[in-house]
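Colleague: Provide a 3D model corresponding to the input given below.
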Amino acid sequence: MTVAVRVIPCLDVANGRVVKGVSFESLRDAGDPVEAAIRYEAEGADELAFLDIAAAHEKRGTLVDLASRVAEVLSIPFTVGGGVRSVEDADALLRAGADRVTVNTAAVEDPSLITRLAEQFGAQCVVVAIDGKRVRDTGGLAVMRVMTHGGRRPTDRTVTGWAAAAAAAGAGEILLTSVDADGTQAGFDLEMLRAVRAAVDIPIVASGGAGQLDDFAKAVVIGGADAVLAASVFHDRIFTIGAVKEAMRRVGLAIRPAPARVRTLLPRYDASGLVPVVMRDVVTGNVLTLAWTNAEALAKTRETGLAHFYSRSRKVLWKKGETSGNVQRVVGISLDCDDDTVLYDVRPSGPACHTGADSCFSRVETLGAPGEDAGPADALDLTALFAVVRARKESPVPGSYTNKLLEAGVSRIAQKVGEEAVETALASVTGDAGALAGEAADLLYHLAVLLTARGVAPGDVAVKLAERRGALRREKP
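Modeller: Residues are numbered from 1 along each chain as shown. Here you go, the predicted structure:
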């Protein structure tokens with residue numbers, strides 16, 4: 001019987017957020033882990049892996065809370081690693097809902113941990129993560145060495161020697177990551193995979209370097225992997241899980257089919273074979289532009305995760321941002337109730353309008369009686385503020401005050417929040433309404449920076465507010 005190759009999105013976690021970098025460095029925010037988990041299961045992921053990449057380096061505990069939240073929304077298996085140093089740590093994660101635990105640094109320091117975990121929970125629950133990197137020895141030869149502490153510290157163990165020892169100690173699976181290839185999108189490290197395949201007969205999960213669709217099949221056919229794991233190509237929607245599975249199926253590999261969609265995306269095209277598309281910023285909710293698509297452009301959008309349209313004037317298919325670089329990554333596609341209008345929810349990489357403006361739309365007239373303008377004065381919406389702060393965090397701007405605060409660290413930002421809170425309180429009793437509004441604006445801005453620095457999303461605050469509203473309603477007589 002042929003065992004299906006597993007496709008596993010990996011969610012590297014730091015400070016409660018999904019992050020991604022190159023060779024374990026230059027990390028950037030890639031979203032909320034629970035939201036990502038829901039999306040990946042819907043797309044057909046066979047498993048998920050959550051790895052706290054800074055736990056060993058920062059000597060922190062495990063992701064028990066995250067495991068519990070993920071278990072509530074997932075029906076597919078998931079593995080959790082990072083900071084697992086004992087049988088008790090593993091037990092807490094498995095009880096929280098994880099199907100497997102991953103050990104890395106602690107196992108290198110004490111290989112008996114692998115045996116104790118296998119004896120307690122079974123080998124199928126124990127995944128040994130090996131981060132391998134080529135290091136020059138005294139003779140100048142490149143040797144594949146095991147790295148620990150999130151890929152930061154080299155050891156004297158070779159990758160193949162440690163893989164064999166881990167398998168002998170009771171590991172049920174090896175998660176092999178090439179630090180050299182990680183995040184480069186230059187392809188899996190086939191040499192390292194083949195070397196470990198020759199050393200062990202337990203399943204190997206290939207990790208680090210996927211950048212082309214055929215990379216996944218090569219990891220299995222040439223490298224001998226039993227499963228393929230990737231992060232950035234899925235987070236950035238370079239490839240969908242369905243596209244990866246289809247590419248492997250085409251070369252004869254057994255894969256589990258992606259789940260059927262509940263609703264088929266079949267717009268009602270006009271006589272010219274076109275349908276209008278509204279593009280909306282998924283973070284701010286702002287409408288960015290209106291364009292047209294045909295069946296081919298829509299299929300290209302779904303395949304690549306980038307907004308594609310059809311030009312009515314040039315009679316050609318085109319990719320948004322093709323010349324400017326301001327591509328629009330599509331995170332969701334919706335149909336209206338009549339199936340004759342499409343909505344793209346996007347994460348813009350730059351201005352959507354050819355004029356350089358964020359949106360092609362600008363207000364030219366306000367309707368309604370005086371005082372009824374639905375502008376900023378009527379409601380306090382902090383979505384745009386959080387979006388700007390997050391953009392500064394992900395793409396620093398030289399000289400930006402926000403970036404100076406973020407670089408100063410949480411303690412300094414917290415101090416500023418305290419100062420602004422005092423000034424706001426003073427303005428409420430000594431100043432006029434305008435002064436109070438100004439100080440409140442300063443307080444809200446610094447609070448947004450503090451929440452962003454700590455990885456707390458606006459939605460997390462909204463959940464707490466909703467809980468408090470529910471509590472207040474229950475308290476009413």
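
Colleague: so where's the chain shaky on pLDDT?
Modeller: Within the chain, the stretches with pLDDT under 70 are 1-2, 15-16, 18-31, 53-62, 259-264, 366-381, 459, 463, 466, 469-477.

Colleague: for it, what's the longest strand?
Modeller: strand 126-136 (DSSP state E).

Colleague: tell me which residues of that one are tucked away?
Modeller: Val126, Val127, Val128, Ala129, Ile130, Asp131, Gly132, Lys133, Arg134, Val135 (16 or more other CB atoms under 10 Å). Where C-beta positions appear, they are placed from N, C-alpha and C, glycine not excepted.

Colleague: Strands along the stretch 151-300 of the chain, start to end?
Modeller: Assigned by DSSP state E, counting those that start in this stretch, the stretch 151-300 of the chain shows strands spanning 153-158, 173-178, 204-207, 227-230, 275-281, 287-293.

Colleague: The spatially closest residue to Gly223 that is not a sequence neighbour - how many residues pack around it?
Modeller: In this structure, Gly223 finds its nearest non-sequential neighbour in Leu193, 3.1 Å apart by CB to CB, 6 or more residues apart in numbering. Residues lying near Leu193 (other CB atoms under 10 Å) number 23.

Colleague: The closest residue in space to Ala166 that isn't next to it in sequence pairs with what?
Modeller: Spatially, and ignoring its direct neighbours in sequence, Ala166 is nearest to Val128 (4.2 Å; CB to CB, 6+ apart). With DSSP bridges as the criterion, Val128 is bridged to Val103, Ile174.

Colleague: Surely Val128 and Val103 touch.
Modeller: Yes: using CB atoms under 8 Å, Val128 is in contact with Val103, at 5.9 Å.

Colleague: shared neighbours of those two, anything?
Modeller: Common contact partners of Val128 and Val103 (CB atoms under 8 Å, 6 or more residues apart in numbering): Ile114.

Colleague: Now do Asp214 against Thr323, distance only.
Modeller: 28 Å (CB to CB, to the nearest Å).

Colleague: before we move on, back to that, tell me which residues touch the residue nearest to Ala166, please.
Modeller: Val128 neighbours (CB under 8 Å, 6+ apart): Thr102, Val103, Asn104, Ala107, Ile114, Ala163, Ala166, Ala171, Glu173, Ile174, Leu175.

Colleague: Which one of the residues you listed is nearest to Ala142?
Modeller: Among the contacts of Val128, Ala163 lies closest to Ala142 (CB to CB), at 17.7 Å.

Colleague: Settle this for me: Lys245 is touching Pro257, isn't it.
Modeller: Yes: the criterion here is CB under 8 Å, and Lys245 meets it with Pro257 at 7.3 Å.

Colleague: And the two? Which one has more around it.
Modeller: Lys245 (23 against 11).

Colleague: For the more buried one, which residues are in contact?
Modeller: Val7, Gly44, Ile255, Arg256, Pro257, Ala258.

Colleague: now Gln120: how far from Val126?
Modeller: With the distance defined as CB to CB, Gln120 ends up 9 Å from Val126.

Colleague: that older thread, so which of the contacts of Lys245 wins on neighbours?
Modeller: Ranked by the number of neighbours (other CB under 10 Å), those place Val7 first, at 25 neighbours.

Colleague: Is it part of a helix or strand, or is it coil?
Modeller: strand (DSSP: H, G, I helix; E, B strand; the rest coil).

Colleague: Bridged to it, which residues?
Modeller: Residues in beta-bridge contact with Val7 (DSSP bridges): Val228.

Colleague: Neighbour count for Asp214 and Thr323, which is higher?
Modeller: Asp214 (15 against 8).

Colleague: Please name the nearest non-neighbouring residue to that one.
Modeller: Ala247 is the one closest to Asp214 (CB to CB, 6+ apart), at 6.4 Å.

Colleague: Same question for Arg347.
Modeller: Computed as CB to CB, 6+ apart, the closest residue to Arg347 that is not its neighbour in sequence is Arg329, at 4.6 Å.

Colleague: residues in contact with Leu63?
Modeller: Taking CB under 8 Å, 6+ apart, we find Leu63 in contact with Val13, Phe50, Asp52, Ala55, Val80, Gly82, Gly83, Leu93.

Colleague: now the residue nearest to Gly223: how far from Ala49?
Modeller: 17 Å.

Colleague: Which member of the contacts of Leu63 is positioned nearest Glu439?
Modeller: Looking across the contacts of Leu63 and measuring by CB to CB, the closest to Glu439 is Val13, at 36.1 Å.

Colleague: Please state the offset of whichever strand or helix holds the closest one from the chain centre?
Modeller: For Val13, the host element (DSSP states H and E) is strand 6-14. In terms of CA atoms, centre = their mean, to the nearest Å, the centre of strand 6-14 is set 9 Å apart from its chain centre.
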